[in-house]
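[1] Need a 3D model of the sequence below.
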Amino acid sequence: MMPSPCKVITSWNHSAERLFGYSAKEIIGKPSILLMPPERVYEEAIFLKRIAF
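    Numbering: from 1, shown residues only. Predicted coordinates for the structure are as follows:
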């Protein structure tokens, strides 16, 4: 999974498919906030720092 600077998902791999349950076709181009549980949306910046490379 690789978010763009605009927080849009631009890359998705098989591990991300298994972890989040979305295929690449379903999620690429969507906002990365969709991957956060509603009660933890405020942690998005921390989450993205951990998984982005």
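[2] By mean pLDDT, flag the weakest helix or strand of the protein.
    strand 2-3 (a mean of 56; mean pLDDT, DSSP states H and E).
[3] For the helix or strand immediately after that one in the chain, buried residues please.
    Using DSSP states H and E, the next helix or strand after strand 2-3 towards the C-terminus is strand 9-11. Residues of strand 9-11 classed as buried by neighbour count (16 or more other C-beta atoms under 10 Å): residue 9. Yep, even glycine has a C-beta here, placed from its N, CA and C like the rest.
[4] buried stuff in the following helix or strand past strand 9-11?
    Where DSSP H and E defines the elements, the next helix or strand beyond strand 9-11 is helix 14-20. For helix 14-20, the neighbour count (16+ other C-beta under 10 Å) marks residue 16 as buried.
[5] could I have helix 14-20 exported to CSV, CA atoms only?
    Backbone C-alpha positions of helix 14-20 (Å, rounded to 0.1, in the frame of the first residue of the first chain) are rendered in CSV as follows:
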residue,chain,number,x,y,z
HIS,A,14,-1.4,-9.0,-2.3
SER,A,15,-0.5,-8.6,1.4
ALA,A,16,-2.6,-5.5,1.6
GLU,A,17,-5.5,-7.4,-0.1
ARG,A,18,-5.3,-10.1,2.6
LEU,A,19,-4.9,-7.6,5.4
PHE,A,20,-7.7,-5.1,4.4
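[6] Appreciated, that's everything.
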